[in-house]
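>>> Quick one, structure for this:
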Amino acid sequence: MSYDSNNPFARILRGEAPASMVYEDEHAIAFMDLMPQVEGHTLVIPRSPCRDLFDVDPEALAGTMRATQTVAAAVKSTFNAPGIMIAQLNGAEAGQTVFHLHFHILPRFAGIEFRLHAAVMEDRGKLDALAERIRKNFKPAGLGG
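Predicted coordinates:
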């Protein structure tokens, strides 16, 4: 299957769809998941058009992973999360619903269960406020945490 340039994440990259932006650099952008499984659920996507892990240029993937590390540290700090889960799905059978490579960053706490994936849309105002909180907690990647 070829890359669909009208998928929701491609539209966000082009500025045609709104997103609660958390981070951006030359390789990737990060924004709040519109249907979060937990509070703080953040997505990181490469700027390059690619369906999944097997369709991405290795240099674009490296830049996206650096962004994922940076954003995950900010999410961990913002929510004082004892754990962070990074998830990445490839193909519909694996649960991928948007066919643009993306990494899920999910703060994890003992005793707090996930909501169903892609089940309930969150209020945009709440997502914007969470994105602002995360933006205040960025530190250089790779410096502990």
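>>> residues contacting the nearest residue to Met21 once chain neighbours are set aside?
Nearest residue to Met21, sequence neighbours excluded (C-beta to C-beta, 6 or more residues apart in numbering): Phe31, at 5.1 Å. Every C-beta, even on glycine, is put in place using the N, C-alpha and C of the backbone. With contacts taken as C-beta atoms under 8 Å, 6 or more residues apart in numbering, Phe31 has the following neighbours: Ile12, Ala19, Ser20, Met21, Val22, Thr42, Leu43, Ala131.
>>> Now that we have those, which of them are buried?
Ile12, Ala19, Ser20, Met21, Val22, Thr42, Leu43, Ala131 (16 or more other C-beta atoms under 10 Å).
>>> secondary structure element for the second one?
Using DSSP states H and E, Ala19 is not contained in any helix or strand.
>>> and the longest helix anywhere in the chain, which residues are buried?
When the chain is scanned for its longest helix (criterion: DSSP state H), the result is helix 58-79. Judged by neighbour count (16+ other C-beta under 10 Å), helix 58-79 contains these buried residues: 60-61, 63-79.
>>> Stretch 90-107 now?
When burial is assessed from 16+ other C-beta under 10 Å, stretch 90-107 yields the following buried residues: Gln96, Val98, Phe99, His100, Leu101, His102, Phe103, His104, Ile105, Leu106, Pro107.
>>> Going by distance to Met85, which of those wins?
Met85 lies nearest to Leu106 out of the buried residues of stretch 90-107, by C-beta to C-beta, at 4.4 Å.
>>> In contact with the closest one, which residues are there?
With contact taken as C-beta under 8 Å, 6+ apart, Leu106 is in contact with Gln37, Val38, Gly40, His41, Ile84, Met85, Ile86, Ala87, Phe114.
>>> is it true that the fourth one touches Arg108?
It stands for His41. No. With contact defined as C-beta atoms under 8 Å, His41 does not reach Arg108; the gap is 10.8 Å.
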